[in-house]
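Participant: one predicted model, sequence on top.
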Amino acid sequence: LHTGKQLDGIWHTSIIVHKDEFFYSSGGITSCPPGGTLLGPPDSVVDLGNTEVTEEIFLEYLSSLGESMFRGESYNLFEHNCNTFSNEVAQFLTGRKIPSYITDLPAEVLSTPFGQALRPLLDTIQIQPPGGNIISGHNGQS
């Protein structure tokens, strides 16, 4: 498929912290062991540094995100996706954003005639990599 631009990939991102991998998809916020989805190990890893945020505070934060900004039905491939989540969580944990070449990609795709033509179809795509555990604020676990 030719978009008129060189695209290295459509990135699915996640955050690994406190020994687990966390990501957002049309199923909501999900956790798994690192590399534990069917997507397998990552193509690349970006070290965003260390966090002072405890696991308990982090899980409370995720629970509140899952009930507000990052509910499964809020997922949108272009405007509110795994990269939006990774960027939000990275800033909460470290004060640093994820690389802009990842977050700018959807806008780059949509700026092409190809992206505009396919947008109605692409907007309906729900991405949910199998192999994780959905994190819900209602399961009573801490």
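Facilitator: Noted; the coordinates are in hand.
Participant: which regions of this structure sit below the pLDDT cut-off?
Facilitator: Applying pLDDT under 70 to the chain flags the ranges 1-9, 136-142.
Participant: residue nearest the centroid of it?
Facilitator: residue 82 (1.8 Å; CA atoms, centre = their mean).
Participant: where's that residue relative to residue 69, distance?
Facilitator: Residue 82 is 13 Å from residue 69, where distance means CB to CB, to the nearest Å. Backbone N, C-alpha and C define where each C-beta goes, glycine included.
Participant: cool, and residue 89?
Facilitator: Distance from residue 89 to residue 69, counting by CB to CB: 11 Å.
Participant: of the two, which one has the most company?
Facilitator: residue 89 (27 against 14; other CB atoms under 10 Å).
Participant: what ranges does this protein have for its strands?
Facilitator: Taking DSSP state E as the test, the strands found in the chain are 15-17, 20-25, 28-32, 133-134.
Participant: in the first one, what counts as buried?
Facilitator: This points to strand 15-17. Judged by neighbour count (16 or more other CB atoms under 10 Å), strand 15-17 contains these buried residues: 15, 17.
Participant: equivalent analysis for the second one, please.
Facilitator: Under the neighbour-count criterion of 16+ other CB under 10 Å, strand 20-25 has 20, 21, 22, 23, 24, 25 buried.
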